Each structure stands twice: as structure tokens, then as C-alpha cells.
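> Need a 3D model of the following:
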Amino acid sequence: MSIYDLTVWQWLALLQHETLLFAGVFFLIGALDDLAVDAAWLWLKVRGRSLTARRDHNALRRRALHGPAAVLIPAWQEAAVIGQTIRHLLESWPQPELRLYVGCYRNDPATLAAGIAAAQGDPRLRLVIHDRD
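Below you'll find the predicted structure:
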């Protein structure tokens, strides 16, 4: 069978195989590149020559934000976890420029109560109650 005797479908199958081979080779090259970078990092880490910057998390918490920031947390039937989520976020970001908006539904009193309890009077928290069920 010569190359000139191929049908259209056979040409398409041949084209498919060639493009898959092409993609597979370059995928393999990319994977080997990633493995080489990982091996170099591991070698430097084992030898003690990798310098990892240490961050002072307390200094980051004390640093002011560059401007006002808002975080929106939509909550529907989240009474079991919303309190811990709110407390963690307010503790992690103590900056006064932060506003936390927690969206609750009026027909979900358990989530609303958990949000109010977690707020503990923090002025950065705004509970937004949706007016529809």
C-alpha cells in the first residue's frame, strides 16, 4: 500500500497519531524538566545550601494594608463552621482596614446566630441578611 492509496479517514488517523506523538514527546520533555528542577532543589536542600526565607508572621499581621480590603463569605446552612471561619479570618487579619461581609439568608437562623456569636462585637464584621428565601 502506498501513501497515495490512503483514504481521507486513514489520513485523519495518521494525522491524529502524529499529533499525539508530538504532544506526548513535549509532555515528556516538560515532565523531565520539572523533575530536574525538583531534583536540584532537593540536592541543595539536603546539602544545606538552599536558602529559604523566613517570614515573621507577627510583623505581617502588624503591617497595615495598602488600602481598604473586603472579604465576602456567602453562608447557607453553615452553622457548624461559619463561627470558626469568621474568628480565624478576624484573627489572621487584625488590620482595621479590613471589612468582612458574611451573607446569610433570613430563613437560616442557625447560621445567622452562629455568625452573630462569632462576631464578638468586632466592628469590621458586617452581617448581610438576604431579604428573600
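> Just the buried residues of the longest strand along the chain, please?
In the chain, assigned by DSSP state E, the strand with the most residues is strand 98-105. Residues of strand 98-105 classed as buried: 98, 100, 102, 103, 104, 105 (neighbour count, 16 or more other Cβ atoms under 10 Å). Yep, even glycine has a C-beta here, placed from its N, CA and C like the rest.
> what helices or strands is it leaning on?
Judged by 3 or more Cβ pairs under 8 Å, 6 or more residues apart in numbering; DSSP states H and E, the packing partners of strand 98-105 are strand 69-74, helix 82-92, helix 109-119, strand 125-130.
> at 6 Å instead, please
With contacts taken as 3 or more Cβ pairs under 6 Å, 6 or more residues apart in numbering; DSSP states H and E, strand 98-105 sits against strand 69-74, helix 109-119, strand 125-130.
> any chance of these in JSON lines, plus distance to residue 85, mean neighbour count and mean pLDDT?
Listed next are those as JSON lines, based on distance: least, Cβ to Cβ, whole Å; neighbours: other Cβ atoms under 10 Å; pLDDT from 0 to 100:
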{"stretch": "strand 69-74", "distance to residue 85": "7", "mean neighbour count": "13", "mean pLDDT": "96"}
{"stretch": "helix 109-119", "distance to residue 85": "8", "mean neighbour count": "18", "mean pLDDT": "91"}
{"stretch": "strand 125-130", "distance to residue 85": "11", "mean neighbour count": "14", "mean pLDDT": "92"}
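> okay, the ones you listed in TSV with distance to residue 18 next?
What follows is those, written out as TSV (distance: least, Cβ to Cβ, whole Å):
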stretch	distance to residue 18
strand 69-74	48
helix 109-119	56
strand 125-130	55
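> State the distance from residue 30 to residue 37.
For residue 30, the distance to residue 37 (Cβ to Cβ, to the nearest Å) stands at 11 Å.
> Please enumerate the shared neighbours of these two.
Shared contacts of residue 30 and residue 37 (Cβ atoms under 6 Å, 6 or more residues apart in numbering): none.
> What's the per-residue pLDDT of residue 19 here?
Per-residue confidence for residue 19 comes out at a pLDDT of 96.
> Let's verify it: helix, strand, or coil?
For residue 19, the assignment made with DSSP: H, G, I helix; E, B strand; the rest coil gives helix.
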